[in-house]
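Engineer: Provided below are the primary sequence and the corresponding predicted coordinates.
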Amino acid sequence: MKYNYISLIAVISAVHIHAAEDMSQPVITKEIRKENGKDVPYMFIDGIKVHETDTSKQPLPPVVTPGEGAAMTAAPSDATVLFDGTEASLNRNWSDRAGNPTKWKIVDGVLESVRGAGYIHSKQTFGSCQLHVEWTSPTKVEGKGQGSGNSGVFLMNNYEVQVLDSYENVTYADGQAGALYGRSKPLVNACRKPGEWQSYDIIFHRPLFDESGKVTRRATMTVIHNGVLIQDHVVLSGGTGWDGPHSASEYVAHADKLPFALQDHGNPVRFRNIWIRELKDKPVTK
Ligand code: MG
């Protein structure tokens, strides 16, 4: 009798965990609109258009000034250091998409994105992980909106945590610094000034797929920006890829481990102190 009681509790809690994950999912609707004779996909997440610029419909996250020097963390002993400021670590750990040496360059001991050089990819592949990246947008502000200090941290080559100059530089909320691009705006805007170093600490759990390619457990993402929580265990409702101006890509089945990538979006964004710790996948709850 006692045994059955415990089993029942176990079942209830497992159902509860699963339900809690599902309940955090937004309602997504899609439609196709004809624009200039072309079919343009539109996606709405909880009734808000992807890349909505009307702040009465999609308010901008409140601005928070991060603490002085917060979260510039040296790698712990069990981390894989992917960039430590040396040419050796660049050549050992990174390539372009085709596997050739990257044209990104080291300037003053930091790594700089080079326009037209393409994304930079880790040679090692990763799934679920804890990732630390430090970055700075260019001191000389040359663009605005998505054109200023744009890069990105792509988990598994697919899931983008946006890198952007979001210091007094307004763009759609789901595309500003720390956004899961097109899917989830940051809770707050903790961006530092252009030229100042910033950190992302990302805890990522990869999505799972069945044999037919259907996602059976969505990815989750927690992001801390300059010591401030900006994505709180967000269940990623789909991919973060470009699918027109107001839509995001869906999950597409992929390998259990893939390189992670940094984006060349044409702006000389700089990176330093990149390290990663692999995480075990959480057990599947039914
Ligand atoms: Mg980007």
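Structural biologist: Cool, the structure landed.
Engineer: pLDDT at the residue lying closest to N158 once chain neighbours are set aside, what is it?
Structural biologist: Once its chain neighbours are removed from consideration, N158 has its nearest residue in G239; the separation is 6.2 Å (C-beta to C-beta, 6 or more residues apart in numbering). C-beta coordinates here come from the backbone N, C-alpha and C atoms, glycine included. According to the prediction, G239 has pLDDT 95.
Engineer: G239 reaches H254, doesn't it?
Structural biologist: No - here G239 does not reach H254: they are 10.1 Å apart, not a contact under C-beta atoms under 8 Å.
Engineer: Those two: which has the busier surroundings?
Structural biologist: In this comparison of G239 against H254, neighbours counted by other C-beta atoms under 10 Å, the higher total goes to G239 at 22 against 14.
Engineer: The more buried one - that's part of a strand, no?
Structural biologist: No - when classified by DSSP: H, G, I helix; E, B strand; the rest coil, G239 is found to be coil rather than part of a strand.
Engineer: sorry, back to before: what touches both of G239 and H254?
Structural biologist: Overlap between the neighbourhoods of G239 and H254 consists of N158, taking contacts as C-beta atoms under 8 Å, 6 or more residues apart in numbering.
Engineer: For the one residue in the stretch 101-250 of the chain that gets nearest to the ion, which non-adjacent residue is closest in space?
Structural biologist: When C-beta to the ion is the measure, the stretch 101-250 of the chain has its nearest residue to the ion at G152, with 3.3 Å between them. Distance criterion C-beta to C-beta, 6+ apart; nearest residue to G152, sequence neighbours excluded, is Q263 at 3.7 Å.
Engineer: got the buried residues for stretch 31-44?
Structural biologist: 42-44 (16 or more other C-beta atoms under 10 Å).
Engineer: wait, I meant stretch 187-204
Structural biologist: The neighbour-count check on stretch 187-204 (16+ other C-beta under 10 Å) flags 187-192, 194, 197-204 as buried.
Engineer: what do you get for stretch 120-137?
Structural biologist: So, applying 16+ other C-beta under 10 Å, buried residues of stretch 120-137: 120-122, 126-137.
Engineer: Quick check: closest non-adjacent residue to Q198.
Structural biologist: The nearest residue in space to Q198 (C-beta to C-beta, 6+ apart) is R192, at 5.0 Å.
Engineer: distance of the one you found from V64?
Structural biologist: Remark: distance between R192 and V64 (C-beta to C-beta, to the nearest Å) = 11 Å.
Engineer: Equivalent analysis for F260, please.
Structural biologist: Shown here: F260 relative to V64, a distance of 27 Å by C-beta to C-beta.
Engineer: neighbour-wise, which of those two wins?
Structural biologist: Neighbour totals were compared for F260 and V64, and F260 leads with 26 against 17 (other C-beta under 10 Å).
Engineer: what mean pLDDT does the one helix or strand K34 maps to have?
Structural biologist: Assessed by DSSP states H and E, K34 sits inside strand 28-35. Looking at strand 28-35 alone, the average pLDDT works out to 96.
Engineer: which strands and helices sit next to that strand?
Structural biologist: Counting by 3 or more C-beta pairs under 8 Å, 6 or more residues apart in numbering; DSSP states H and E, the packing neighbours recorded for strand 28-35 are strand 38-45.
Engineer: Keeping just the C-alphas, turn the strand it packs on into PDB.
Structural biologist: Extracted as PDB, the C-alpha positions of strand 38-45 are listed here (Å, rounded to 0.1, in the frame of the first residue of the first chain):
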ATOM      1  CA  LYS A  38       4.800  37.700 -53.000                       C
ATOM      2  CA  ASP A  39       3.800  35.400 -50.100                       C
ATOM      3  CA  VAL A  40       5.400  36.700 -46.900                       C
ATOM      4  CA  PRO A  41       5.200  34.500 -43.800                       C
ATOM      5  CA  TYR A  42       4.000  36.200 -40.500                       C
ATOM      6  CA  MET A  43       4.400  34.600 -37.100                       C
ATOM      7  CA  PHE A  44       2.700  35.800 -33.900                       C
ATOM      8  CA  ILE A  45       4.000  34.600 -30.500                       C
END
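Engineer: Given the next helix or strand after it, what are its sheet partners and their directions?
Structural biologist: Remark: after strand 38-45, the chain's next helix or strand is strand 48-49, criterion DSSP H and E. Sheet pairing for strand 48-49, assigned by DSSP bridges, gives strand 38-45 (antiparallel).
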